[in-house]
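> coordinates only, sequence not included:
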Ligand code: S3P
C-alpha cells in the first residue's frame, strides 16, 4: 500500500527565547490512553475516561476498535466506551497512521477473537518490525501474513504460551498478555528487563487476576474484564520532558507541569536529569487510577554531562531525542549506551538525533547502539529532517529556543500524533515557534 500523504504538514522554525514561565499542561499519557481504550472496549459495562490523549495515534486505536464494534464517543471532557463481548470482523482495513503501539497491541488483542483484520499505516509504521509480535502470537495460534504492515491478522482458538521476550519491549509484552486474555491456559511472559507495566496495572483495574513475580508475569485465559466505571489518564511524562528540558536550558525560566505520571518504570529520564544537576521538584505526589502522579516544577539549571547506565534505557526509551538536546547544553560529555532499540522507533532515532545535533554544530559521536554528546554553546541555524518522527520534531524546536541561530524543521505535522497543541503551549510559555 502507498504511504498516506499528510496534507497538514508544514515546516516550522523555532527562534531563541528570553524565558519560559507558567503552567505547562501536557496531554494524557499515550501508553495509558491506548490501553484504556482497548481494555474498556472488551470490558463488561461502560467506562468514562478523562484526560485521554487526543493525539492521532490514540484516535487511530479508537477508530480501529469502533470498526470492530466497540462504542466509543466523546461527551464533554470524557470519552465514553461501551465494551463488547467479542470484537467483530471489521469491514475494511484498519489504518493506524504512525502508531506502533496501536499496531502491536491491537495485533495481540485481535488475535484473541475469530476475526481477520488488515492493519495499514504510514511510511514510518510500514517500515517498523512486527515479527516481534507476530512470532509469539503465531505460537499461540494466530495467523499472520507479512512481518511488516500491511499486516493481515487472523485470530481465534489461542493456546497460552510461556514466552521469554528477546527484547525489552512493553509493546510485545502487552500484545501477548492481551492475546492471553482469550487463550486456553495460563500465559506466562518473562521480561529480560523491566519495561512499562501499564498493561499489568490496568488489567488489575479492570478486575483481571494477573500475577507479577519479578520478571515473570502470569495471566489465566478466559477472564472477563469489568469496567472500573471511571478512569483518569495522568499527563504523559514523555510529553512533559519537552517543556521541562526547554525550561532547564533557558535562562530565567520556571514552569510547572501538573499531574505527570511518575511510574517507576518510566522515570529514568527524570533520574538522569537530576544527576545532570537539573533543578526539578516533584510536588503534590498522589495516586490516580492505579498510577502515581506529581506536579513537576523545572527551573533554569546549569546542567553537566553524565553517563546514562544502559540498564536504565527501557525506563526512558522515548526520551533520548530530548536528552540529546539537554546534553547539547550541558557542560562536558553525556554518554548513552544500549540504544539498539532506538534504531526501530518512529525513525532510526539514533541516526536522527546525531544528524539533528551535528547539523546545529554540536559535537556528537554515534556508534551502532551508542551516542556521545559534547555539550557547550550551540550554533543552530540548521534545518532538521524529522523523518516522520514527532519526538525529533519537538526536540529540534526545543533546540532552536536556545541555539545562537533559529532551528527549522521540515514538518510540524507529526507532532499531532502524540502532542497536539505543543506549539501553542510552548508559545504561551514564551517560546517563539512560527511558520518558516
Ligand atoms: C510503548 C512502549 C515503547 C515505547 C512506545 C510506547 C507502549 O515501545 O517506545 O512509545 O505503550 O507499550 P517498545 O515496547 O517497542 O519499547
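Now that the structure is in, tell me what you want to look at. Everything numeric here is computed off the predicted structure, so don't read it as measured data.
> and the gap between the nearest residue to residue 396 once chain neighbours are set aside and residue 207?
Spatial nearest neighbour of residue 396, excluding adjacent residues (CB to CB, 6 or more residues apart in numbering): residue 384 at 3.9 Å. C-beta coordinates here come from the backbone N, C-alpha and C atoms, glycine included. Distance, residue 384 to residue 207, using CB to CB, to the nearest Å: 46 Å.
> between the two, who's got more neighbours?
Taking other CB atoms under 10 Å, residue 384 and residue 207 do not tie; residue 384 has more neighbours (26 against 15).
> In contact with that one, which residues?
Neighbouring residues of residue 384 by CB atoms under 8 Å, 6 or more residues apart in numbering: 355, 356, 359, 360, 392, 393, 396, 399, 407, 408, 409, 410.
> ok, now with 10 Å
Contact analysis of residue 384 by CB atoms under 10 Å, 6 or more residues apart in numbering lists 11, 14, 352, 355-357, 359-360, 392-393, 395-397, 399-400, 407-411.
> Equivalent analysis for residue 375, please.
Residue 375 is in contact with 249, 276, 303-305, 326-334, 362-364, counting by CB under 10 Å, 6+ apart.
> how does this protein divide into domains?
Taking automatic domain parsing as the criterion, the chain consists of the domains 12-28+234-435, 30-231.
> The ones you listed: which one's closest to the ligand?
Nearest to the ligand among the domains of the chain is domain 30-231 (3.2 Å), distances taken as CB to the nearest ligand atom.
> picking that back up, filter the contacts of residue 384 down to just the ones in strands.
14, 407, 408, 409 (DSSP state E).
> got the residues of this structure near the ligand?
Neighbours of the ligand within the chain, by CB under 6 Å from any ligand atom: 31, 101, 169, 170, 171, 174, 196, 317, 318, 341.
> Need the domains of the chain in CSV (columns: mean pLDDT).
Shown next, in CSV, are these (pLDDT from 0 to 100):
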stretch, mean pLDDT
domain 12-28+234-435, 98
domain 30-231, 97
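> re earlier: for the ones in strands among the contacts of residue 384, give me CSV that also has neighbour count.
Listed next are the ones in strands among the contacts of residue 384 as CSV, based on neighbours: other CB atoms under 10 Å:
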residue, neighbour count
14, 29
407, 29
408, 18
409, 29
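> could you list every residue that touches the closest residue to residue 374 other than its chain neighbours?
Closest residue to residue 374 apart from its sequence neighbours, by CB to CB, 6+ apart: residue 363 at 4.0 Å. Counting by CB under 10 Å, 6+ apart, residue 363 makes contact with 328, 333, 357, 372, 373, 374, 375, 376.
> Buried ones from the contacts of residue 375, can you make that a PyMOL selection?
Here is the PyMOL command that picks out the buried ones among these, judged by 16 or more other CB atoms under 10 Å:
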select buried, resi 249+276+303+304+305+326+327+328+329+330+333+334+362+364
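> so which helix or strand takes in residue 336?
Using DSSP states H and E, residue 336 falls within strand 333-337.
> Count the residues that sit near the closest residue to residue 372 other than its chain neighbours.
Closest residue to residue 372 in three dimensions, ignoring its sequence neighbours and counting by CB to CB, 6+ apart: residue 365, at 4.7 Å. Here the number of neighbours of residue 365 (other CB under 10 Å) works out to 13.
> same deal with residue 77?
For residue 77, the count of nearby residues is 10 (other CB under 10 Å).
> and if you look at the one 5 residues further on?
Using other CB under 10 Å, residue 82 has 17 other residues around it.
> Report the beta-bridge partners for it.
Taking DSSP bridges, one obtains residue 46, residue 71 as the residues bridged to residue 82.
> what about the residue lying closest to residue 143 once chain neighbours are set aside, distance to residue 203?
In this structure, residue 143 finds its nearest non-sequential neighbour in residue 154, 4.0 Å apart by CB to CB, 6+ apart. The gap separating residue 154 from residue 203 is 24 Å, by CB to CB.
> Of the two, give the one with the bigger neighbour count.
The residue with more neighbours, out of residue 154 and residue 203, is residue 203; 25 against 15, by other CB under 10 Å.
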